Structures are given as C-alpha cells and as structure tokens.
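Visitor: Provided below are the primary sequence and the corresponding predicted coordinates.
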Amino acid sequence: MTSLPGSKDPSPSTQASKATQTADSSFTIMTASHGPIPTLKDPSSANISKREYIYFLPYPLPPNTEVPYSIHLPDRNPLNLPSHQFEPTSTVVLTSPNHTFVDIRIYKSFKTTEPNPNQGHSQKLDWAFAGTSSSVPITLPPSGPHHGKSKKRLEEDTWKNVTHSTWTHWVDSRYAVGSSDIPVDEGDMYPIAPQLTLEVGHGFHPALDAVKTHEEMWKDEDVVSTNKAGSKICVVMRCQADAAGVRGVVVRLGQYCQGIMMAGEKTTVERWEWKDGENGEDEVGEWKRSVRIGDGFVPCGVAFRPEVLGVGAVVKFHDFEWVVEEAWEWN
C-alpha cells in the first residue's frame, strides 16, 4: 500500500513503483516516456536555502537607517531594537532549475528536543507557499547618515552584487486557491558571505498584526546525490484543478523534497529528508518524512523514483492529477 493521508508510517518504500503504470486503491503513475532524464548543463538556479533568522524593524524605516541593519548587532543598534536576531521556525525553500519553488515554514517547539510535527496540527504551520521566482541585479545608494562622508567613502559604502527578487505565489496557505488578494512578495538580496544572503523587505506579519520591515538571513545548502551513480536529481510536479479549488506543487531537489496541496482553504504540507547511512542498497530506504501537516495527498514519495518519471508523466489520485513539469539530472 502507498502512504495514505493520515498514515502513521513515514516510510516511502512502497510509494512508487518501477512499472510503466502502477495502480492500487490510492494512485496511478502513468509514465510519459522511457527516455533518460535530461542532463542539466547549468544547475546554478537549483537552490536549497534555510532561514537562519528573521529580524523585524519599523516600516517605513526612520530616515538614515543603515541597511542591512541586523548584521551589525549587538554592537550597533541606533534604533534601540532587540539586540539579537531569532528564528522561530524551521524554514526550507527548494527552488528548481526553472525557478519553481516550495517554501515551508513550521513553528519550532518550545522544547528543543521535540522534533518537527509529523502528524502536526495546522497551528504548527506558520506559512507555506509555492510558485515561481525571479531576480534582477540592482544598484542601491548607500544607506545611513551621509553627513561628513566623502564621495569616495560613499562609493565604498555602496553594496555590490545586490539583486531584487520577486516570488510569485501560485498557492499560499494564507489565501484560498485562486485568490487575487495575495500581495507582492519581494525583497532586496544582499550577499553577506559565500553561502549567506540577507533579504530585506516588508510585509504584513500576522503574528505581529502589523506591517514591518524584515531582514531574513538565508543560508544555502549544497545539493547532494542520493544514488550510487553520484548524480543529483530534481523533479517538479504540479496539480491544478481550479474548478474544485485544488492546487499543489512538489519539488524534490537532491536530498530534500517538499510539497504543498491546498483544497480551498485547507492546506497539507510535507517535507522529506534523505540521510546517508545504514541502508545502502536502495536509495528510497534512506528517505524519512520530517514534517507533515494536514490530511491531503501530496505525492512526495513518487519523486524518489525518478526512473519512472519524465516530463509529462502523470500521478493520478482519485479525481486529481499531478503532472511532472521538470525532471533533471546532473553531476
């Protein structure tokens, strides 16, 4: 049997089959082609990112506020804000080579020894959304006080290699499927270190019931191979049944897989992680579900068997179809 909604067994070992078409009482996989997975020549757009912290500031910012602000704490804090950054969630973003992303944010437990929810209540979900992202290079004037600074000093204070990024939410746990009220999600991305990027933006934060400027520190994680061949895999699946109020996206990238499915205003999310270790005979045995919230069907397990998937392949569950939009392999 496959892992049904509400199943207590997080093992994906039987969630997918190598047959061209497999069926049971749960879902059917219809393979589009028997050709090899396309080789990705430039994997630079594929990205695994984890949030290290979020820091809130007033919106709009007071005049002459230095941006970025949080990276100077606690030594410089002219606005007399909290002196340390914090991270209340476990947040992972997976972005495919074609810029499709799934962003899942789960509230951490007050007990550090307690794991993320695997049969969690919706109150554990801070936010989840999926869509497409884009970035363009920008040049921002130096922030902070300019008085007494020479032209050369101002040029030195100008950040280099800043980009402006936009994330278009196609499905969002805070809005019903197809809602036109989803606000623009955008921010300026400051390179802090080789794998650290600080996002500066603003938006309404429900936990604060206010619009705030926010700074979010993101840390990139290397994509890891999960097979004996040493290749890296990315698979993207999408479900769209707008007449029924259903949308969903799954992105498997290397050692992570995340999915979100919404039916009206009800949200189901899953996160799976692959760990190298005990069972070296079959890569599927290494996948473990680390997060599940909701009771819908999200076909993450199918993405662990890329050999049965090609672009155009369909995973059918009851009346809903998940179509493979991307399938990539690279070294």
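Guide: Nice, I can see it.

Visitor: do I have it right that Trp322 meets Val314?
Guide: Yes. Between Trp322 and Val314 there is a contact under Cβ atoms under 8 Å: 7.0 Å. Just so you know, the C-beta spots here come from the backbone N, C-alpha and C atoms, and that holds for glycine as well.

Visitor: how about low-confidence regions in the protein?
Guide: Low-confidence segments of the chain, defined by pLDDT under 70: 1-26, 32-34, 120, 147, 154, 277-285.

Visitor: which parts of it are helices?
Guide: For the chain, the helices defined by DSSP state H cover 151-156.

Visitor: quick check, central residue of it?
Guide: The centroid of the chain falls nearest to Val93 when counting by Cα atoms, centre = their mean (2.1 Å).

Visitor: residues touching it, list them.
Guide: Val93 makes contacts with Asn47, Ile48, Ser49, Lys50, Arg51, Phe101, Val102, Asp103, Trp218, as judged by Cβ atoms under 8 Å, 6 or more residues apart in numbering.

Visitor: one more: Leu40?
Guide: Leu40 sits next to Ala46, Pro97, Cys234, Trp328, Glu329, Trp330 when contact means Cβ under 8 Å, 6+ apart.

Visitor: need those in a markdown table (columns: distance to Trp274).
Guide: Shown next, in a markdown table, are those (distance: Cβ to Cβ, whole Å):
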| residue | distance to Trp274 |
| --- | --- |
| Ala46 | 16 |
| Pro97 | 19 |
| Cys234 | 13 |
| Trp328 | 17 |
| Glu329 | 15 |
| Trp330 | 17 |
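
Visitor: quick one on the thing from earlier: between Trp322 and Val314, which is the more surrounded one?
Guide: Neighbour totals were compared for Trp322 and Val314, and Trp322 leads with 26 against 17 (other Cβ atoms under 10 Å).

Visitor: for that one, name its beta-bridge partners.
Guide: Assessed by DSSP bridges, Trp322 has beta-bridge partners Cys239, Val315.

Visitor: likewise the one 5 residues further on?
Guide: For Ala327, the beta-bridge partners under DSSP bridges are Val235.

Visitor: now for it, how many residues are close by?
Guide: Here the number of neighbours of Ala327 (other Cβ under 10 Å) works out to 24.

Visitor: one more: Ser134?
Guide: Applying other Cβ under 10 Å, we find 12 other residues in the vicinity of Ser134.

Visitor: how about the contacts made by the closest residue to it other than its chain neighbours?
Guide: Take Ser134 and drop its neighbours on the chain: the residue closest to it by Cβ to Cβ, 6 or more residues apart in numbering is Thr166, 5.3 Å away. Thr166 sits next to Ser133, Ser134, Ser135, Val184, Asp185, Glu186 when contact means Cβ under 8 Å, 6+ apart.

Visitor: narrow the residues you listed to those that are buried.
Guide: Ser133, Asp185, Glu186 (16 or more other Cβ atoms under 10 Å).

Visitor: turn the residues you listed into TSV, including distance to Asp126.
Guide: Formatted as TSV, the buried ones among the contacts of Thr166 follow (distance: Cβ to Cβ, whole Å):
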residue	distance to Asp126
Ser133	19
Asp185	15
Glu186	19
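
Visitor: that'll do, ta.
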